[in-house]
Every structure is written in structure tokens, then in C-alpha cells.
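J.: the amino acid sequence is not available; the structure is as follows:
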């Protein structure tokens, strides 16, 4: 009996992660600062028209569902990018924040908040989101120029440039906060803690033009990433076009991260810890790790957001705090286990 | 060497690393089916560089490379890997993969999409595990293997590509004497099965025993190419390695053996200490 991954084993593993996802996504919309009556919601959704909906059903459809979906997509995206970056940088501590794209997005967001005169709205996209995207794009472009070589991207330079730009961007954010009107500091801090509290279906839709192609590029590398874990020379020897894989991972990873950060701010630990949890459970085959991390990361963030909505009700706690409180000790546990 | 019958031919290949003055100059290499070509020379001679160019790992800025009668640039990376297997020096892994998983990765050039294995692929993986004597630890993780075992696993992974040409860069580094010999015996078996093999090695005695031809490089230039007897020759080796080399005769096989001399003065004939 072989332990090699066959189509059947792959589908079985993904089915298990899907079951977890369905359980989380079907329970979490009912939990929040307001208790919703499930039976009323079910009856009204299956029989009546939207004009007859009660308050519970309206909250369920217009607020809870898009918020849970956003949490799922953001959490899944961050875990997906973390899984990929840990392979291409051959570094288990890599995460979506490693390349400085998160810190670059934060500079844009903090800048937009610090100048209220800049406030405008393009469809569902706010100034803060737009500036955050611009900050992430500028970071991505800069580190790409630094790491570009005739033979392809230099992963070492990309890693070092990303970490350095991240530190630089964090300093710029601090400088903007230092110079900003003190009354705006609360809004800045709130954004920097990460949260899912600004949401509607339109904002969810606005995420898609970057999220879908970015995630698509990453999912296309499922099998190639296994080979990259043996080093670029062995991967080339096996027939993998390493340069193309690295470019796809860089572009896909930064697109997905920029989109996630623009809507939810910097959310810690999901992108770092979830890939390791999935590897512990399912092994090191990235044909399972990538979709598994997407589904588990999405479920984890949706569940954490559920906690964030309820533990200090009627107010909310930023979900970034919850993920760090859960993720931090868990990661220390992983390190101790490795020791 | 007759390059017409060769599976892999490098003609007039040169290479320079951008950072330094070092050049690999106008190298020729022809690997015929069923033969082992040893690439030897002191550190910095350009052995690994030549092998990487032959494997398409490094670009070939000047010269021509032909693989199975077709110019190398015309192959996609995947097509090339179905014909040519390359084992780099000391392969490490970011994650603690299982032996058979690593070997199965070698099927990559023959699979499409997510690369799920079919019955035939699983049979080939088993065959490669058996051939490299790694079947016993197919379920063990790389971290649980010794350096020699891991090196055989990596060779099994390359063999799973079912290559017709095999390029190996110092494959016996870190192996004990027994495993060095068994590794080269395996290479000999593979050559007998019709694979063209080039191996970079620092072990001149193993090269002398198992290779059919040798290529001796120094400072990016060819010093000598030919049969074992033509290359393992005292004057030629001293040109490359310095005077601390003694070429003698193997007491059993009669072939040449190379001995290091720690102190030339005291090692002259007649200066035996009691």
C-alpha cells in the first residue's frame, strides 16, 4: 500500500476541509452582538419576498453573510499566500507580510485617514482602500525592480528587500501618525489592528478583480511548489520552469495580499500559522496544503471574527487581536514541538 | 570521441560569471550511450559549471548544445527533463518530505496538471526505489536518513524521470567508502542499461575504476581528455594538483591509483621509515 498522493486521496482530503468550511460558514452568520432567530430567517428566506423580511433576516442577509464571506476570503487568501511564500523563500517564517506589501498598504491607508480632505468614494471603493492598494502596488513595484535579474527574480534579494521595505514603511506610518491630527489617531489605530467591520456585497465584489487572478496564479503552482521545496536546481532538473513559477507566485501573492489588506487591514498570524497547521495535519504535499490552507484559513478567520463580534458585545473587538492571541501561543507550541 | 553517436554534445561552450574574471573556455563534451564520463579537476576548475550548462541550469551564452540530436533551446524544460536527469550537489529540503514522495516527484516531466500518479507511475517509482536500494525506507522522512541514504533517494528521484542522459555533481560527497563504491557500481549498472552518464567527482581512484573516459579541467580550461590511462598520469595530474600527487599501480587490477603525498622530501623512493 503506497502513501503517494492519488486523485482519490486528494479529493478525500479536500472533502474533509470542505466539511469544516461548510460547518463554520453555516454557523457563524447567526452569531453576533444581536441574537438572530434561525427559524424565522429560514422561513422568510424560503417562502416570503424580501419586502416582508423581518429585522433579523435583513441583518442576516445584508450584514452577516457578506461579513462572514469577507472573513472567509481574507483568511483563506492570507493563508494561501503564506503557504506559497514559505516554499518559494524556503523559510518557514515567511508570511504575506514578509514582502512589505502589508506595511506599504498600511502607509497608504494611514495617509488617507490623516488627510480627511482626500476622502472620496469610487463606487464601493473608499479612499482608504484605494490608497492602501496604491501603497501595496508601489512596494511591489519597488521590490520587483530590486530583485530583477537577467536569469529571473533573485529570491534572496526579494526577501531582504521586502523585509527592509516593510521596516521602512512601518517607520513612515509612524511618522504620519506622529504628524497627524491627534483626533484621527483612533481611526488609524483601528485600521492598523485589522478588522472586517466595513462591509457590503459591493465591497466584497470590489475585491474580486485582484483576488481571483492572484489566487488563480497561486493555485496553478500547486504541484510545482513541491519541487521548489527541494531547491531551485533540483526543481529545474525535474523539469519545472522555476523562473516562471517564482514570478507567478510573486505577482499572485502580492495581488492577493494587497486586495486583502486594503479591505481588512493587516491581520496577523493567519498567513503564518495556518499553513503550518495544515502541514501538520495533512503532510507536506502542496497539492493539499494550498487548498487546505485556503479553506482552513478562511474558516479560522470567519470563526475568529465571530468571537470578535460577541466577546465584548455590543461593541466589537478588532479581529486582528483575536487571531494574534490565538495564533501567537499556537505558534510557540509548534516551535516547542519542533525543539 | 565520436560525437555523432552521442546523446548529449556540447560544442565550444564558454561561460563567465558576471562578478569575476573566471571563465570557462571553449569546452567540448560528448556523452555516448552506455558510457560514464568522469569530469575531474581541482577546486575552481569549472567542473560543476560545465555540468550545469550541460543540464540547462545555467544559460549557454556561446557555443552549441545538442540533446538527442536536437538543439537544447528547442526543448521546453519539461521535455528536456524527460530525457536528461540532473542531480545537484547536496540537495536539501525545506520540508521533511517522505522518501517515496521525493522519488515520485521525478515523474513530473511525464505527468500533466496536478501530477496525480497512475498505476504505471507508481510501478516506476517502486522500481527506482528498488534499483537504488531505498525501498526499505520508502516511508521514512528525509530527516531520518543518513547522508548516503538521502543521496540515493535523490538519485532515485532523478531515475524516476527515466532519463537517457544522467548528469551528477559530486554525488558521493559525504558518503563512506562502502557507499561510494556501491553508488558507482549502480552508475555502472545504469550505463550498462544504456544511459549516458557524466559525473563530477574529486575521487580520482573511483573515477579511474568506474569511468570509461575522463575530462580533466583546470581554471576553466581543458587539460586532458581521454581514457583512464591517458589522463591518470603523474605528470598531467601534477600540472593540475601540484607536486603532492603520486600515481601508482593498483595491486589487484593493475589500473592506476592516485595517492596524496604529505611530504615530498620524505616520500622519495628509498626514504621509508621503519
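T.: On my side now, so go ahead. Every value quoted in this text rests on a predicted model; they were computed, and no experiment measured them.
J.: any stretches of the stretch 101-250 of chain A with poor pLDDT?
T.: A:198-199 (pLDDT under 70).
J.: quick one: the helices in it?
T.: Per DSSP state H, counting those that start in this stretch, the stretch 101-250 of chain A carries helices over the ranges A:101-114, A:127-147, A:155-179, A:185-192, A:201-219, A:222-228, A:232-238, A:242-264.
J.: so which of those is nearest residue A:49?
T.: helix A:201-219 (18.6 Å; C-beta to C-beta). Glycine gets a C-beta too; all of them are placed from N, C-alpha and C.
J.: ok, the closest one near chain B or not?
T.: No - Helix A:201-219 is not in contact with chain B by C-beta under 8 Å from any C-beta of the partner chain; minimum separation 9.9 Å.
J.: the closest residue to chain A within the stretch 1-150 of chain B and residue B:197: what is the separation?
T.: Minimum separation of the stretch 1-150 of chain B from chain A (C-beta to the nearest C-beta) falls at residue B:81, amounting to 2.9 Å. Using C-beta to C-beta, to the nearest Å, we find residue B:81 at a distance of 16 Å from residue B:197.
J.: then residue B:106?
T.: According to C-beta to C-beta, residue B:106 and residue B:197 sit 16 Å apart.
J.: the two: which is more packed in?
T.: Neighbour totals were compared for residue B:106 and residue B:197, and residue B:106 leads with 29 against 25 (other C-beta atoms under 10 Å in any protein chain shown).
J.: show me what contacts the spatially closest residue to that one that is not a sequence neighbour?
T.: Spatial nearest neighbour of residue B:106, chain neighbours left out: residue B:160 (2.9 Å); criterion: C-beta to C-beta, 6 or more residues apart in numbering or on different chains. Taking C-beta atoms under 8 Å, 6 or more residues apart in numbering or on different chains as the contact definition, residue B:160 lies against B:103-107, B:124-125, B:128.
J.: who in chain A is up against chain B?
T.: Looking at chain B, the residues of chain A close enough under C-beta under 8 Å from any C-beta are A:2-7, A:10, A:86-87, A:90-92, A:151, A:222-223, A:226-227, A:229-231, A:233-234, A:236-241, A:279, A:283-285, A:287.
J.: what's the PyMOL line that selects buried ones from the residues you listed?
T.: Listed next is the PyMOL selection for buried residues among the residues of chain A next to chain B, using 16 or more other C-beta atoms under 10 Å in any protein chain shown:
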select buried, chain A and resi 4+5+6+10+86+87+90+92+222+223+226+227+229+230+231+233+234+236+237+238+239+240+241+279+283+284+285+287
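J.: and the residue of the stretch 1-150 of chain B closest to chain A, what pLDDT?
T.: Residue B:81 is assigned a predicted lDDT (pLDDT) of 96.
J.: that one: neighbouring residues, count only.
T.: Residue B:81, neighbours per other C-beta under 10 Å, totals 26.
J.: ok, residue B:227 next?
T.: Counted with other C-beta under 10 Å, residue B:227 comes out at 11.
J.: burial measure for the closest residue to it other than its chain neighbours, as a count.
T.: Excluding the flanking residues, the one nearest residue B:227 by C-beta to C-beta, 6+ apart is residue B:213, at 6.2 Å. Number of residues near residue B:213 (other C-beta under 10 Å) recorded here: 21.
J.: quick one, phi psi at residue B:213?
T.: phi -140, psi 160 (degrees, to the nearest 10).
J.: show me what it bridges to in the sheet.
T.: In this entry, residue B:213 is beta-bridged to residue B:37, by DSSP bridges.
J.: do I have it right that it meets residue B:38?
T.: Yes - here residue B:213 reaches residue B:38: they are 7.3 Å apart, a contact under C-beta atoms under 8 Å.
J.: touching, residue B:126 and residue B:120? I think so.
T.: No - Residue B:126 is beyond contact range of residue B:120, at 10.9 Å (criterion: C-beta under 8 Å).
J.: neighbour-wise, which of those two wins?
T.: Set side by side, residue B:126 and residue B:120 show more neighbours around residue B:126, with 17 against 10, by other C-beta under 10 Å.
J.: so what secondary structure elements neighbour the host helix or strand of that one?
T.: Assigned by DSSP states H and E, residue B:126 belongs to helix B:119-131. In terms of contacts (3 or more C-beta pairs under 8 Å, 6 or more residues apart in numbering or on different chains; DSSP states H and E), helix B:119-131 is packed against helix B:99-105, helix B:147-159.
J.: tabulate those helices in JSON lines, adding columns for distance to chain A and mean neighbour count.
T.: Converted to JSON lines, the helices and strands packed on helix B:119-131 look like this (distance: least, C-beta to the nearest C-beta, whole Å; neighbours: other C-beta atoms under 10 Å in any protein chain shown):
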{"stretch": "helix B:99-105", "distance to chain A": "5", "mean neighbour count": "27"}
{"stretch": "helix B:147-159", "distance to chain A": "7", "mean neighbour count": "24"}
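J.: got JSON lines for the ones you listed, with mean pLDDT too?
T.: Formatted as JSON lines, the helices and strands packed on helix B:119-131 follow (pLDDT from 0 to 100):
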{"stretch": "helix B:99-105", "mean pLDDT": "95"}
{"stretch": "helix B:147-159", "mean pLDDT": "91"}
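J.: JSON lines for those helices, including distance to residue A:133?
T.: Shown next, in JSON lines, are the helices and strands packed on helix B:119-131 (distance: least, C-beta to C-beta, whole Å):
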{"stretch": "helix B:99-105", "distance to residue A:133": "37"}
{"stretch": "helix B:147-159", "distance to residue A:133": "42"}
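J.: what about those helices, which gets the closest to residue A:51?
T.: helix B:99-105 (57.4 Å).
J.: which strands and helices lie in contact with that closest one?
T.: Looks like helix B:99-105 contacts helix A:222-228, helix B:119-131, helix B:147-159 (3+ C-beta pairs under 8 Å, 6+ apart).
J.: ok, and what's touching the last one?
T.: Residues outside helix B:147-159 that contact it (C-beta under 8 Å, 6+ apart) are A:234, A:237-238, B:85-87, B:91, B:99, B:102-103, B:105-106, B:128-129, B:131-134, B:137, B:142, B:145, B:166, B:168, B:171-172, B:174-176, B:179, B:183, B:186, B:190.
J.: quick one: low-confidence parts of chain B?
T.: Scanning chain B for pLDDT under 70 picks out B:1-4, B:19-22, B:263-274.
J.: ranges for the helices of it?
T.: Taking DSSP state H to define them, one finds helices in chain B at B:47-54, B:77-81, B:99-105, B:119-131, B:147-159, B:177-192, B:204-210, B:228-231, B:234-241.
J.: single out the most deeply packed of the ones you listed.
T.: helix B:99-105 (a mean of 27; mean count of other C-beta atoms under 10 Å in any protein chain shown).
J.: pull the number of nearby residues for residue 145.
T.: Answering for chain A, as no chain was given. 9.
J.: actually chain B
T.: 16.
J.: what's the spacing between it and residue B:131?
T.: 17 Å.
J.: go on, residue B:246?
T.: From residue B:246 to residue B:131 the distance is 37 Å (C-beta to C-beta).
J.: center of the chain - which residue?
T.: Here I'm looking at chain A. The centre of chain A sits closest to residue A:78, judged by C-alpha atoms, centre = their mean, with a distance of 2.6 Å.
J.: look at chain B instead
T.: residue B:199 (2.1 Å).
J.: what residues does the stretch 151-274 of chain B put near chain A?
T.: B:154, B:157-158, B:161.
J.: what's the closest of the residues you listed to residue A:60?
T.: Nearest member of those to residue A:60, counting by C-beta to C-beta, is residue B:157, at 52.6 Å.
J.: residues near residue B:194, how many?
T.: With other C-beta under 10 Å as criterion, residue B:194 counts 10.
J.: likewise for residue A:146?
T.: Counted with other C-beta under 10 Å, residue A:146 comes out at 16.
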